[in-house]
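Asks: 3D, please:
(one chain, ligands or ions: 1)
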Amino acid sequence: MSGQDSHVWVNHLSVHFGVGKGLLGGGSVLKAVDEVSLEIPRGSFFGLVGESGSGKTTLGRAILKAAPISAGEVRYRDEDVDFDIGMMSKAELKEYRRRAQLIFQDPYAALSPRMTVRDIIAEPLEVMKLTKSRAETDERVREIAAKCRLNLEHLRRFPHAFSGGQRQRISIARALVCEPKFLVADESVAALDVSIQADILNLLKSLQKDMDITFLFISHDLSVVAHTCDYVAVMYLGAIVEMAPSRELFTVPKHPYTKALLSAIPSLDPDDRGTAQKLEGEIPSPLNKPSGCRFHTRCPIAVERCAAEIPAWRELSTGHKVACHFAE
Ligand code: SF4
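Replies: Presented below is the predicted three-dimensional model:
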């Protein structure tokens, strides 16, 4: 991957929040995202995985310019534009809002109960004034609803009439109606039953091909990204600790944290069951990060050096990067 080929390029991005008296007033600084660099290739399904509190949601929001960028750079590139997300003009921000969208976590909370499905899906078009008439809006809504496999009869109904899976299809249709090129899906299947999860993931994959969309797919669950993503980045306590093409990450993981997450995935092989290495302890507070390697307080193979020295972020093979002293 090179900076020029990427759709979204993140370089040493930090997102810090002031706690107590704030960033300048002598209180503590919460480093939710700490010098993260990554490249999301155009047309890819890029997975971002980590436990709750790892900073993955904040990273996704900073890329969408929905969280403050404290340091570093995010660039969005398409054939005709090159936006520096932290320095956009008003006109660029408006265009970026059309091209980059978010699918919300919770299909129950995301939809206004007082709006019909038609109005929910149409709202972004109307707010951004992308259509010239109600007839044109209706046409776009019907088109995207059909792509999201929604029954057109349902457009007149209210969200409470639908199941979780159907509501998530409505959320997806709303996110896609402006024909974005980049979508952040944040825990978009976490609230759904396993069988419905597979259905929604298949839908996202087919939409990706059909509409030429780049996805940033955020999940706490490696098993969900296993069959979906082309690339996976694993995040721990505000930093990426491993990143690789998906197949490689799942077959030859190098970082002990990735290995622990993988080993927690229930196996279908009965001889394999019961061998999972449970990750011990809670993720430390981002207000009080461990010294050296930030994973050393939970790492099963940590040695003295790990608490003293920050491991270098380095490439072991093409596209496979890791931050661990003993990855080799
Ligand atoms: Fe574990 Fe040390 Fe590697 Fe960190 S650097 S992951 S503590 S072995």
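Asks: for this protein, what spans make up the strands?
Replies: For the chain, the strands defined by DSSP state E cover 6-19, 28-41, 45-49, 71-77, 82-84, 100-103, 182-186, 214-219, 231-236, 239-245, 314-317, 320-322.
Asks: Quick one, which of those gets closest to the ligand.
Replies: Smallest distance to the ligand across the strands of the chain (C-beta to the nearest ligand atom): 7.2 Å, for strand 239-245. In short, each C-beta sits where N, CA and C put it, glycine included.
Asks: Are there helices or strands packed against the closest one, and which ones?
Replies: The contact analysis (3 or more C-beta pairs under 8 Å, 6 or more residues apart in numbering; DSSP states H and E) places strand 239-245 against strand 28-41, strand 231-236, helix 256-263, strand 320-322.
Asks: so how far is stretch 127-136 off the chain centroid?
Replies: With C-alpha atoms, centre = their mean, to the nearest Å as the basis, stretch 127-136 stands 29 Å off its chain's centre.
Asks: Next, the buried residues of that stretch.
Replies: Thr131 (16 or more other C-beta atoms under 10 Å).
Asks: List the contacts of it.
Replies: For stretch 127-136, the surrounding residues in contact (C-beta atoms under 8 Å, 6 or more residues apart in numbering) are Lys94, Arg97, Arg98, Pro124, Leu125, Thr137, Arg140, Cys178.
Asks: if I pick the third one, what's in contact with it?
Replies: The reference is to Arg98. Per C-beta under 8 Å, 6+ apart, neighbours of Arg98: Met128, Leu130, Cys178, Glu179, Pro180.
Asks: Chain neighbours aside, what residue packs nearest to Leu30?
Replies: Nearest residue to Leu30 in three dimensions, chain neighbours excluded: Phe17, at 4.6 Å (C-beta to C-beta, 6 or more residues apart in numbering).
Asks: Was I right to think the one you found contacts Ala32?
Replies: Yes: at 6.2 Å, Phe17 counts as touching Ala32 under the criterion of C-beta atoms under 8 Å.
Asks: ok, these two, which is more surrounded?
Replies: Neighbour count, other C-beta atoms under 10 Å: between Phe17 and Ala32, Ala32 has more, with 24 against 17.
Asks: I'd guessed Ala71 sits against Asn11; true?
Replies: No: with contacts counted by C-beta under 8 Å, Ala71 stays clear of Asn11, the gap being 10.1 Å.
Asks: Redo the strands of the chain as a markdown table? Include distance to Pro286.
Replies: Conversion of the strands of the chain to a markdown table gives the following (distance: least, C-beta to C-beta, whole Å):
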| stretch | distance to Pro286 |
| --- | --- |
| strand 6-19 | 9 |
| strand 28-41 | 5 |
| strand 45-49 | 17 |
| strand 71-77 | 16 |
| strand 82-84 | 26 |
| strand 100-103 | 22 |
| strand 182-186 | 18 |
| strand 214-219 | 17 |
| strand 231-236 | 11 |
| strand 239-245 | 10 |
| strand 314-317 | 24 |
| strand 320-322 | 21 |
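Asks: so can I have TSV of these showing distance to the ligand and mean pLDDT?
Replies: TSV is the format used below for the strands of the chain (distance: least, C-beta to the nearest ligand atom, whole Å; pLDDT from 0 to 100):
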stretch	distance to the ligand	mean pLDDT
strand 6-19	20	91
strand 28-41	15	92
strand 45-49	16	96
strand 71-77	23	96
strand 82-84	33	95
strand 100-103	31	92
strand 182-186	26	94
strand 214-219	21	95
strand 231-236	9	96
strand 239-245	7	96
strand 314-317	12	94
strand 320-322	9	97
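Asks: partners of Leu48 in the sheet?
Replies: Per DSSP bridges, residues listed as beta-bridge partners of Leu48: Ile218, Ala233.
Asks: count of neighbours near it?
Replies: Counted with other C-beta under 10 Å, the neighbours of Leu48 add up to 30.
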